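S.K.: Starting from these lines, generate the structure:
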Amino acid sequence: MKPLSKKSRSTSLIVLLIIFVVAVPFLLAYSSGYRLDFSDFTFEKTGGVFIHSDLSETKVFINGEYMEAGGLFLKNVLVQNLKSNETYSIRVEKEGYLPWYKNLLVSPNLVTEARILMMPIEIPFEQIEQFEWVTNLNPNIKATSTKKVTSEYEDTLDIFTATSSLSSNAIVFEKEIIKSTSTTAKATSTTKIIIPEYLEKLSIKDIENKKQLKENSKMIAWLENGNVHVVWSGDYESTPFFMCDTESCKEKIIISLDTDISYFDFYPNRNDAFVVATQSHIFAVEADDRSEQNLQTIFKGKKPEFRLDDRTIFVKDGQDIYKAEI
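M.R.: Residues are numbered from 1 along each chain as shown. The predicted structure follows:
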């Protein structure tokens, strides 16, 4: 093969140098999160959205456009190269489940996070039998059957009683008995509630008197005026993503429904979602209030109560008791 002439080699070198000089800025801009806007041929910063999911095989839609399906094993979804400083409508679907919605602002050079909360459309509740028939098998006595409360019903009913219905997430304050040392007056004693230092730092007024005060993974929640109040007790640097924007983090989130919440607990294995009971419903609701908080029905009854044991929810509606895995 005949070698290139000196002139051809020089021309090729110049062309390659020109391509290099032109391409490098594009590559650097691309790697830094910039994209070319072909409408006016200017670079603009982009961002992304990362969807945390406990479910596999979900479908993600952004502004109505199907983006990506979460795989069988890879449940989370990352969507990149979104135009920044815009709010995107996100919808996640899975067959047999209620959909999840969230409107999220995408900031330049940042990935905006969210975690879905999706309940099955039909939760397979199993009713716990209240009575069973016990037959007398004594051969000397005429066979008879008597109605008896089942042991499972009795055991389950016990978790709803005042003495044993305390949530595993409940905060119980220690008490200190302080006795008077006066030699001239009758000895007296007072009870002092000891508030842990990490709770004192929150400066929550009358925290020792808050109804249903509970904690899960440094998230503190309580019931006040029919609403669930939620605060973060950990380091500011580790504040959950849904409580912060690019400038600051909020001190409190309030979960408020159209009707008063009578009882609540943390959703199993999560500190950013709750199970709440109202006059006629039991719901799952997320804490994330960057847009409307997703609210999904677990149970509808006359006046249902619930208790959680790991992932099992027990529901008492009148004299009937049900259980299901959530």
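S.K.: Any chance of the backbone angles for residue 207?
M.R.: With angles defined as degrees, to the nearest 10, residue 207 shows backbone torsions of phi -60, psi -30.
S.K.: quick one: contacts for the residue nearest to it when sequence neighbours are not counted?
M.R.: Beyond its immediate neighbours in the sequence, the residue positioned closest to residue 207 (CB to CB, 6 or more residues apart in numbering) is residue 199, lying 5.9 Å away. For every residue, glycine as well, the C-beta is placed using N, CA and C. With contacts defined as CB atoms under 8 Å, 6 or more residues apart in numbering, the neighbours of residue 199 are 171, 207, 220, 233.
S.K.: roughly how far apart are the first one and residue 307?
M.R.: Which is residue 171. With the distance defined as CB to CB, to the nearest Å, residue 171 ends up 17 Å from residue 307.
S.K.: Mind listing the strands the helix or strand residue 48 falls within pairs with, and their directions?
M.R.: Using DSSP states H and E, the element containing residue 48 is strand 42-52. Using DSSP bridges, the strands paired with strand 42-52 in its sheet are strand 34-37 (antiparallel), strand 77-83 (antiparallel), strand 111-115 (parallel).
S.K.: Looking at the ones you listed, which one is packed in the most?
M.R.: Between those, strand 111-115 has the highest mean count of neighbours, a mean of 20, where neighbours are mean count of other CB atoms under 10 Å.
S.K.: ok, then the element right after that strand?
M.R.: For strand 111-115, the succeeding helix or strand toward the C-terminus, using DSSP H and E, is strand 126-127.
S.K.: which of the residues in stretch 214-227 are buried?
M.R.: For stretch 214-227, the neighbour count (16 or more other CB atoms under 10 Å) marks 214, 215, 216, 219, 220, 221, 222, 223, 227 as buried.
S.K.: could I get those as JSON lines with distance to residue 252 and secondary structure?
M.R.: Output for the buried residues of stretch 214-227, formatted as JSON lines (distance: CB to CB, whole Å; DSSP: H, G, I helix; E, B strand; the rest coil):
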{"residue": "214", "distance to residue 252": "15", "secondary structure": "strand"}
{"residue": "215", "distance to residue 252": "15", "secondary structure": "strand"}
{"residue": "216", "distance to residue 252": "16", "secondary structure": "strand"}
{"residue": "219", "distance to residue 252": "11", "secondary structure": "strand"}
{"residue": "220", "distance to residue 252": "10", "secondary structure": "strand"}
{"residue": "221", "distance to residue 252": "10", "secondary structure": "strand"}
{"residue": "222", "distance to residue 252": "11", "secondary structure": "strand"}
{"residue": "223", "distance to residue 252": "14", "secondary structure": "strand"}
{"residue": "227", "distance to residue 252": "11", "secondary structure": "strand"}
